[in-house]
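# Quick one, structure for this:
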Amino acid sequence: MTLLQLATGLRYHVREWDRPGDTTYVLVHGFSDLAATWEGVAERLDGHVIAPDLRGHGDSEWIGAGGYYHFMDYVADLDDVIRQKARDRVVLVGHSMGGSVAAYWAGTRSDRLASLVLIEGLGPPDMGADGPSRTAMWIEAWRTGRAKQKVMPTLDDVVRRMKRHDELLDDASAQRLAEVGTTAVDGGFAWKLDPLHNTIGPYPYRLETAKKYWARVACPVLCIDGARSKLNLGDHERAARRAVFANATHLVLDAGHAVQRHRPAEVAAAILEHARR
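Down below sits the predicted model:
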C-alpha cells in the first residue's frame, strides 16, 4: 500500500501488487466503492497491479474547504497516479463510475494505453435536460452535505447493509469490505466515503461529450456486463455506445452490477485475454 502526493494537491491511497514485467494493470473502482473491491481480481493477474482509492473514497484524502468533487478531478488524479506508478504498458480497467473516469482518461491519453476494459462502465443515462433546477439542488445540498454521515452500530450492521444492496455478495467479501471501508466513530461505524459525494453535482452527464472521448480511443476495448445487473442501461443503448469505440468487444457474465466482486476469476481471465490482444 502506498500514499501518493498528487499534483492535484491530494494524497492518494493506492493498493499495489508489485510483480515483475513491463505491464501495469490499473484498476479503478466505482462510486462509493474502494480499491479493495479489486482484491479477488488483482491477485489473479500476472503483472504489476495498482488500484487507487479515488478522492474522497477509502483512505484517500477528502477535498478541503470550498472544494467539490467535479468529475474531471478524478481524471486528473488518475493521470498523476499513472504517471507516478505505471510501467511502460498500461492496461486500464474501470467499473461503473470508474469506467467513465477510465474512458475519459483513455480518450485524453490514448497514446499511453495498451487496452481498456469497462465493467458496466458506459455511463449513466444522458442528463442533457438538466439545467437551473439542478444547479439550485447543488447549491442547497452544500448546507447539509457533510452532516448526513450515516453511523451503523456494529460491523454486522455494515455487512447486512452491504448485502441488502448487493444480494450476490458473499459473506467473506462483505466482511472484508465492511472492515476496510468503514472507520470507528462515536456510536459505531461510518463509511470512509466523504458524504459530500451523496449530493447532486452541478454538471449533468452529457453523452455527446463522452462520445468525443470514446472516439479517440484507438486501443482494443472490452465491455463487460453483468447478466443480473439492476444498474445498467438497456441492451440497445449499450450496443450503440459500444459502437462509438473503434475496436470494442462485449462479454456478459452471470453477475450483478459489481461483476468484479461476483466473478473475480472470470473477470481476471477476461482482462488477461484481452490484454494479450
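# Residue 134: helix or strand, and which one exactly?
Using DSSP states H and E, the element containing residue 134 is helix 132-141.
# Strand partners (parallel or antiparallel) of the helix or strand just after that helix?
Next along the chain after helix 132-141, taking DSSP H and E as the criterion, comes strand 151-152. If you go by DSSP bridges, strand 151-152 pairs up with strand 188-191 (antiparallel).
# Give the buried residues for the partner strand.
189-191 (16 or more other CB atoms under 10 Å). No exception for glycine: its C-beta is placed from N, CA and C like everyone else's.
# Likewise for stretch 106-118?
Neighbour counts over stretch 106-118 (16+ other CB under 10 Å) mark 106-109, 112-118 as buried.
# Quick check: end-to-end length of stretch 148-168?
Start-to-end span of stretch 148-168 (CA to CA, to the nearest Å) is 27 Å.
# How about that stretch, which residues are buried there?
Going by 16+ other CB under 10 Å, stretch 148-168 has these buried residues: 152, 155, 158-159, 162-163, 166, 168.
# just for this structure, where's the confidence low?
Within the chain, not a single segment meets pLDDT under 70.
# Please enumerate the strands of it.
Counting by DSSP state E, one finds strands in the chain at the ranges 2-5, 11-17, 23-28, 48-52, 89-95, 113-119, 151-152, 182-185, 188-191, 221-226, 248-253.
# Just put these in TSV and tack on distance to residue 197.
Shown next, in TSV, are the strands of the chain (distance: least, CB to CB, whole Å):
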stretch	distance to residue 197
strand 2-5	21
strand 11-17	16
strand 23-28	15
strand 48-52	16
strand 89-95	16
strand 113-119	20
strand 151-152	17
strand 182-185	15
strand 188-191	10
strand 221-226	23
strand 248-253	27
